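how does the following fold in three dimensions:
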Amino acid sequence: MQYTSKASSSSKNDATLKIKDSEIDFGTTPESADNLPNPAELFLGSFAACILKNVERFSVLMNFEYTSAEITVKATRLEKPPRMDEIHYELKIHSQDNSLNLNLLQKNIEKFGTIFNTVKISCTISGAIKQISE
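Next comes the predicted model:
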C-alpha cells in the first residue's frame, strides 16, 4: 500500500494539509497556537484515528456491536532532542454487547495498527480500554 498527503504554507501564515478530498488547516505561527492544531497534535490525531479505525475493523472480525467510541491521547514531549517520549491513550467503547472482549480487542489494536506499530518503535505507549454500558 502507498499513501500520499500534500501540505502547503506561505510565509507568516498557517498551513493546510490535503489528503484525498479533505483539507485540514494547522498552525505554524504563534498567532494560531490556541485555535489550530500543531504538528504534534496532528501526529496524536493520526495515532487516535488508527485506533478508532481498528475498533471498527475488529468489531466485524470479533463480532461485537458498539454504538460509538471515543479516545483521548496524551503525550509527553522531550526537549533534547525534541520528540515524543511517552504516549498514553484511553479508549471508551459505548456498547451493550456482553461478548466484547476488551483484552483481545486491545491486543489486536496494538498488534495490527499501522500507526501504532510505527510509533511504538520510537516511544513508550500505554493505554486502557473501557466499555461504557448505556
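
only C-alpha atoms from now on, for both contacts and neighbour counts.
OK.

longest helix in the chain, please.
helix 39-61 (DSSP state H).

that one - contacts with which helices or strands?
Under the contact definition 3 or more Cα pairs under 8 Å, 6 or more residues apart in numbering; DSSP states H and E, helix 39-61 sits against strand 68-78, helix 102-112, helix 114-120.

buried ones in the shortest one?
Using 16 or more other Cα atoms under 10 Å as the test for burial, helix 114-120 gives Ile115, Phe116, Val119.

mind putting these in JSON lines, distance to Val73 and pLDDT included?
Output for these, formatted as JSON lines (distance: Cα to Cα, whole Å; pLDDT from 0 to 100):
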{"residue": "Ile115", "distance to Val73": "13", "pLDDT": "96"}
{"residue": "Phe116", "distance to Val73": "12", "pLDDT": "97"}
{"residue": "Val119", "distance to Val73": "13", "pLDDT": "97"}
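
hmm, back to that, export only the CA atoms of the longest helix of the chain, formatted as CSV.
Extracted C-alpha coordinates of helix 39-61, given in CSV (Å, rounded to 0.1, in the frame of the first residue of the first chain):
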residue,chain,number,x,y,z
PRO,A,39,2.1,19.2,14.0
ALA,A,40,2.4,17.3,17.3
GLU,A,41,-1.3,17.3,17.8
LEU,A,42,-1.9,16.1,14.2
PHE,A,43,0.5,13.3,15.0
LEU,A,44,-1.5,12.3,18.0
GLY,A,45,-4.7,12.7,15.9
SER,A,46,-3.2,10.2,13.5
PHE,A,47,-2.5,7.8,16.3
ALA,A,48,-6.1,8.2,17.6
ALA,A,49,-7.5,7.7,14.1
CYS,A,50,-5.5,4.4,13.8
ILE,A,51,-7.0,3.0,16.9
LEU,A,52,-10.6,4.1,16.1
LYS,A,53,-10.2,2.6,12.6
ASN,A,54,-9.2,-0.7,14.2
VAL,A,55,-12.2,-0.6,16.6
GLU,A,56,-14.4,-0.6,13.6
ARG,A,57,-12.3,-3.3,11.8
PHE,A,58,-12.3,-5.6,14.8
SER,A,59,-16.0,-5.1,15.6
VAL,A,60,-16.6,-7.1,12.4
LEU,A,61,-13.8,-9.6,12.9
